[in-house]
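*Asks:* Provided below for reference: sequence and predicted model.
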Amino acid sequence: MSINKCSKCGCEDSFLTSPPPCPTPAGCPDPEPCSEIIYAQCVVYTGSNIVCAQGTVVASNTNVADALNDVTDYFCASVTNINSQITTIQGNITTIQGNITALQTNQGLFDTAFRASLTPTINVNTVTASLANSSIINGVTIVIPVGNIEYQVVDNVTTPLYNTTTGVWTCPQTGKYDINYNVYLTCPDQTGFGWGNTPTTTGAAYTVGVTNINGTTVYCADTYTVVKGVYTSRIYVTGGIQGKMMTAGEQIVLRHQNMTGINYTATSGDNIDFAIRRVG
């Protein structure tokens, strides 16, 4: 229902006229019906307020022309607000991505690492028990073959870090590193006391440690003391250092020293692990 509340708004004051029949567009199968033309500003909406999200979009007693403008303005504002929010979200995503990149660049967390696991295939001959030989800096470098390198990555990309000829590991990035090793060796002779059959007077030691290549710096080391006459089937030596600050290009090696008085021979199931991971 419409109410004409306008004066001289395009309508006749005394009556409404019907225009002549609308022309039928070419190609239409049926003639189009005629319709009256009523100016939008002459028609007033009298229903309840039109509300969206608890806000009035079109108020009661608003003429249709203004109501159409109100609806258009409302949705245009909503679209503008949505576009603004999308732009803000995209900006936040870009910031987060930048922070992640910076974190990886500056910290290298979990993206730079090395690990090798070796089942010993060579003998480790005993050396004379002496004060000099008790220092791990004089120990023998453990050289791990290429087939025993589980992974070596820099920023999650496979990159050579360990020299399988010399046993030298080279630090790829300045940062903080966790260094860990684990050695598990079986005594070749199990008929008596095992490692406790050492011919030394009271016993001897098997030492494992990580040093720089010239032996002037010891990063971490551990010693397993074999006691003469005490049953010892296997030697377990494990150790490491957490969060050690290292400089790119710095080189380290894993060493061991057998002063047990018993030569070790390769035994299936034995193991030497060496792992390094950047953590800061």
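*Replies:* Yep, that arrived.
*Asks:* Apart from its neighbours in sequence, what residue is nearest residue 183?
*Replies:* The shortest distance from residue 183 to any non-neighbouring residue, by C-beta to C-beta, 6 or more residues apart in numbering, is to residue 237 (4.4 Å). Backbone N, C-alpha and C define where each C-beta goes, glycine included.
*Asks:* Do you know the pLDDT at the one you found?
*Replies:* Per-residue confidence (pLDDT) for residue 237: 93.
*Asks:* That one belongs to a strand?
*Replies:* Yes. Judged by DSSP: H, G, I helix; E, B strand; the rest coil, residue 237 forms part of a strand.
*Asks:* tell me the contacts of it?
*Replies:* By C-beta atoms under 8 Å, 6 or more residues apart in numbering, the contact list for residue 237 reads 181, 182, 183, 206, 207, 208, 222, 223, 224.
*Asks:* burial measure for the fourth one, as a count.
*Replies:* Neighbour count of residue 206, defined by other C-beta atoms under 10 Å: 24.
*Asks:* and this protein, what are its domains?
*Replies:* Domain ranges of the chain: 1-82, 108-278, per automatic domain parsing.
*Asks:* now the ones you listed in JSON lines, with distance to residue 91?
*Replies:* JSON lines is the format used below for the domains of the chain (distance: least, C-beta to C-beta, whole Å):
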{"stretch": "domain 1-82", "distance to residue 91": "15"}
{"stretch": "domain 108-278", "distance to residue 91": "25"}
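*Asks:* Please look at residue 170 and residue 250 and confirm they touch.
*Replies:* Yes. Between residue 170 and residue 250 a contact is recorded at 7.5 Å, counting by C-beta atoms under 8 Å.
*Asks:* Following element in sequence after the worst-scoring helix or strand of the chain on mean pLDDT, please.
*Replies:* In the chain, no helix or strand scores lower on mean pLDDT, DSSP states H and E than helix 64-107, which sits at a mean of 75. Remark: after helix 64-107, the chain's next helix or strand is strand 113-118, criterion DSSP states H and E.
*Asks:* The helix or strand that that following strand is followed by pairs with which strands, parallel or anti?
*Replies:* Following strand 113-118 in sequence order, the next helix or strand is strand 140-141 (DSSP H and E). Partners of strand 140-141 in the sheet, by DSSP bridges, are strand 251-258 (antiparallel).
*Asks:* contacts for the strand it pairs with?
*Replies:* Strand 251-258 is contacted from outside by 124-127, 133-134, 136-142, 166-171, 179, 181, 183, 205-213, 219, 264, 272, 274, using C-beta under 8 Å, 6+ apart.
*Asks:* Now, of the residues you listed, which are buried?
*Replies:* Using 16 or more other C-beta atoms under 10 Å as the burial test, the contacts of strand 251-258 include 124, 126-127, 133-134, 136-137, 139, 142, 167-169, 171, 179, 181, 183, 205-211, 213, 219, 264, 272, 274 as buried.
*Asks:* Might you list the low-confidence residue ranges for the chain?
*Replies:* Along the chain, segments meeting pLDDT under 70 span 1-38, 100-110.
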